[in-house]
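>>> Model the following, please.
(2 chains)
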Protein chains: 2
Amino acid sequence: MALVVQKFGGTSVGNVERIRNVAKRALAAQARGDQIVLVVSAMSGETNRLLKLTREISARPDEREQDVVIATGEQVTVGLVALAIQDLGGKSRSFLGHQVRITTDSSFSKARIRSIDGEQVFAALARGEIAVVAGFQGIDAEGSVTTLGRGGSDTTAVAVAAALKATSCEIYTDVDGVYTADPNICKAARKLDRISYEEMLELASLGAKVLQIRSVEFAMKYAVPLWVKSSFTDDPGTLVCAEDAAMEDVVVSGIAHDLNEARVAVRQVPDRPGVARRVFGALAAANVVVDMIVQNVSESGHTDLTFTVGRGDLARAREVIQSLVAEIGNPRVEADAGIAKVSIVGVGMRNHAGVAAKMFDVLAEEGINILMISTSEIRVSCVVLEKYAELAVRALHTAFGLDAKGAV
Amino acid sequence: MALVVQKFGGTSVGNVERIRNVAKRALAAQARGDQIVLVVSAMSGETNRLLKLTREISARPDEREQDVVIATGEQVTVGLVALAIQDLGGKSRSFLGHQVRITTDSSFSKARIRSIDGEQVFAALARGEIAVVAGFQGIDAEGSVTTLGRGGSDTTAVAVAAALKATSCEIYTDVDGVYTADPNICKAARKLDRISYEEMLELASLGAKVLQIRSVEFAMKYAVPLWVKSSFTDDPGTLVCAEDAAMEDVVVSGIAHDLNEARVAVRQVPDRPGVARRVFGALAAANVVVDMIVQNVSESGHTDLTFTVGRGDLARAREVIQSLVAEIGNPRVEADAGIAKVSIVGVGMRNHAGVAAKMFDVLAEEGINILMISTSEIRVSCVVLEKYAELAVRALHTAFGLDAKGAV
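Residues are numbered from 1 along each chain as shown, chains lettered A, B, ... in the order given. Below is the predicted model of the structure:
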């Protein structure tokens, strides 16, 4: 008997009719002989509605209290989904973060899961119930409500799957799988049948919104087979799994773009040891996640330090830097939200030379200036002006042969 | 230093502006030197919105899951109120039922509080914070979310006040105190300065919607001075406290009416021992609260058993009775939601004869037929047809001298 964790996102539980649909799917899966654990998000729009309320009260709401407010979105959904299953004649029981004991650290609004106690869920499954677990939320050591950040329900699902040693974890969403690029801006994008954890990790971290990055990390770490499926069709979707030989034949598996970054340039800081540590230490202390960092060659004892952060963190990042200005030699601080990061990703890159050079060529041919570059073993990313993002994605998709039909 | 528990109902936290107002009032009270614990309800309309969602999913939603859904209303409010206090420069922290450990029994949707652990709240107060506690919710021994029933936030407030040994408990609402009758239907109604716990208990249990009955029971049991105040004015409100000699001079303190009852008549049951026990035992097992019970004199070995229940429980009460029909001699079962209970209340009744007779006279003079009668030491209640309820209240208010101005 397989134990399957199915996660349904906000669009999939967006109204009463869709909640019934989720209940039906879960019951059908149970009828095929599997034990089913559902992990659900807030109804679409609900988290934003709640965030708006907190922002109406306070321009910079305390994150502990904000988490208390927004965690209610998932709480409503688990109750409704359990009711829908019961209404269809099934047995079901809802579980909140403090009931499954999804314990996290105390980084409110972006907490990390530390442990999950599956005991109550196993007991529910043994009683023939479909367990419905609230995504996105946990509790810290003090019992305060925490949330895992945007897309955190994916992480809950995979973490629950890992804790329960589930056969697989299925992420149901409003797209039917992982694409070679965002189909909204690249008509030639194709759905992938399979993709490696590492590629998915790069794509997720680069702004492909299908899966939250930590969910992919968890899945890779605990070797949980992860399916990305549509809650509205019966398409088999995309399997995210361990890399195999066939995957390496493809140099570039997908093109990602991320419009949610902002660039901060700290101009003319003294080129002496400890400045970078001071800057990035202070940012980390303020819980600002820094993505790319570029430091230019020193000129007359001074240098420029440029980095990117999520746009939501830009205001806080500026404040942090401003508070250090006197200490780090009164540099000029510039912030720019009008940028985009475009990336090519593929495990095949490891065995092929000249992939980055080809990317720079393609961008140059389109007249797109590259502002920052960052690479990993299986990825090359370029920061460009936001207005060039779509053009860059389409040009790279074609240049790396992704438009054509072919096996992945 | 006084420790004051202030409870704000749904209307008082109905929008962002009003939430700010609550925060301001609490901070002003703190600035006067008191320690403040707030207990808040869901924003007005929110509980009904959530109940509607559960009813759209299921005609008869499981109460455990319904409680999971509706408890979110208060969770949103505590977060927002804490944020509002912080935004005004104060210190505050929210607490949910599972954090204050408001443990209850497992009667979902109408749970009773068993214990409260004030430790975390005391710690918050010691740090100079205003503690904001979610009303209406608790957890049972298994950690499931429970709710206390309509108006349960009042009960939370008084129970918290009792547990913390607070100086007083202030219930802020959209009316400025307790009236001699509902001012909406009786223009001559006057606000009372003081009223005894016992009178308030009778008024609350009879449908005066100002305070929830269990909150008054708790206040009386633990001798918590209870203020009913308006969140929109600075009127001192009404103090609910222990009875004193002056209160006994007034024969009738107020006229209550309750439109939320329904009558069930079980006609022609065999007049033998055990029938009533069977009927009311089964109703209690189904968690249906029965209010008045009347059994007429036996006629040819059969009798009529009539009782009232809350209208929300009428469908369930009928089902319970139907399930017993064969067992109790196939009686005819009639259900009628179109009734009202009108009552006169006053501790002075104990020392005055003929109060009930005067009430029956007044109703007879208005041509109002009395369907059922029930009395206590300080109350006389009559069930009449719903259409006569307002007329009865006004006539009684005048007849018992409540229209005139005078000391309470």
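>>> contacting residues around the closest residue in space to residue A:129 that isn't next to it in sequence?
Nearest residue to residue A:129, sequence neighbours excluded (CB to CB, 6 or more residues apart in numbering or on different chains): residue A:91, at 4.4 Å. (C-beta placed from N, C-alpha, C; glycine too.) Residue A:91 makes contact with A:85, A:127, A:128, A:129, A:130, according to CB atoms under 8 Å, 6 or more residues apart in numbering or on different chains.
>>> In helices, which of those fall?
residue A:85 (DSSP state H).
>>> Compare the contacts of residue A:91 and tell me which is most surrounded.
Greatest neighbour count in the contacts of residue A:91, by other CB atoms under 10 Å in any protein chain shown, goes to residue A:85: 30 neighbours.
>>> I'd like the distance between it and residue A:399.
According to CB to CB, to the nearest Å, residue A:85 stands 49 Å off from residue A:399.
>>> With residue A:101 instead?
The value you get for residue A:101 to residue A:399, if CB to CB is used, is 50 Å.
>>> now swap in residue A:374 and tell me
Distance from residue A:374 to residue A:399, counting by CB to CB: 20 Å.
>>> These two: who's more crowded?
Under the neighbour definition other CB under 10 Å, residue A:374 and residue A:399 were set side by side, and residue A:399 has more, 19 against 16.
>>> Could you double-check that that one lies in contact with residue A:360?
No - taking contacts as CB atoms under 8 Å, residue A:399 lies outside contact range of residue A:360: 11.2 Å.
>>> State the phi and psi torsions of residue A:323.
When read as degrees, to the nearest 10, the backbone of residue A:323 gives phi -70, psi -20.
>>> Now do the same for residue A:146: its pLDDT.
Looking at residue A:146, its pLDDT is 97.
>>> which stretch of helix or strand covers it?
Per DSSP states H and E, residue A:146 falls inside strand A:145-147.
>>> List the pairing partners of that strand within its sheet, with orientation.
Strand A:145-147 pairs in its sheet with strand A:137-139 (antiparallel), by DSSP bridges.
>>> Compute the mean per-residue pLDDT across the strand it pairs with, please.
In this model, strand A:137-139 has a mean pLDDT of 97.
>>> Now tell me what touches it from outside.
A:67, A:71, A:74-75, A:96-98, A:101-104, A:111, A:113, A:145-148, A:152, A:156.
>>> All the helices of chain A, residue numbers only.
A:16-31, A:46-57, A:63-70, A:72-87, A:97-100, A:119-126, A:152-163, A:197-205, A:213-221, A:275-285, A:314-324, A:355-365, A:389-399.
>>> Name the residues that touch the fifth one?
Contacts with helix A:97-100, where a contact means CB under 8 Å, 6+ apart, come from A:71, A:116-118, A:120-121, A:133-134, A:137-139, A:143, A:145-146, A:160, B:98, B:143-144.
>>> now do the second one
Residues outside helix A:46-57 that contact it (CB under 8 Å, 6+ apart) are A:10, A:41-42, A:61, A:65-66, A:69-70, A:72-73, A:76, B:16, B:19-20, B:76, B:79-80, B:83-84, B:87.
>>> Helix A:63-70 and that helix, what's the angle between them?
Taking axes from the mean of the first three to the mean of the last three CA atoms, to 10 degrees, one finds helix A:46-57 and helix A:63-70 inclined to each other by 130 degrees.
>>> Name the residues of helix A:46-57 that are buried.
A:46, A:47, A:50, A:53, A:54, A:56, A:57 (16 or more other CB atoms under 10 Å in any protein chain shown).
>>> for the last one, same thing?
Going by neighbour count (16+ other CB under 10 Å), the buried part of helix A:389-399 is A:389, A:390, A:391, A:392, A:393, A:394, A:395, A:396, A:397, A:399.
>>> and that helix, how far from the chain's centre?
Taking CA atoms, centre = their mean, to the nearest Å, one finds helix A:389-399 lying 22 Å from the centre of the chain it belongs to.
>>> Provide a list of residues in contact with the nearest residue to residue A:121 once chain neighbours are set aside.
Once flanking residues are discounted, residue A:121 sits nearest to residue A:131: 4.6 Å by CB to CB, 6+ apart. By CB under 8 Å, 6+ apart, residue A:131 lies in contact with A:36, A:37, A:38, A:92, A:93, A:95, A:121, A:124, A:125.
>>> partner residues bridging residue A:131?
On the basis of DSSP bridges, residue A:131 is bridged to residue A:37, residue A:93.
>>> ok, so what distance separates it from residue A:81?
11 Å.
>>> anything in contact with each of those two?
By the contact definition CB under 8 Å, 6+ apart, residue A:131 and residue A:81 are jointly contacted by A:38, A:92.
>>> OK, contacts around residue A:71?
Counting by CB under 8 Å, 6+ apart, residue A:71 touches A:97, A:134, A:136, A:137, A:145, A:147, B:75.
>>> Show the contacting residues for residue A:19.
A:13, A:77, A:80, A:81, A:84, B:57.
>>> in chain A, which residue is closest to the centre?
Among the residues of chain A, the one closest to the centroid is residue A:212, at 2.3 Å (CA atoms, centre = their mean).
>>> count of neighbours near the nearest residue to that one once chain neighbours are set aside?
With sequence-adjacent residues excluded and distances taken as CB to CB, 6+ apart, residue A:212 is closest to residue A:151, at 3.2 Å. Applying other CB under 10 Å, we find 19 residues neighbouring residue A:151.
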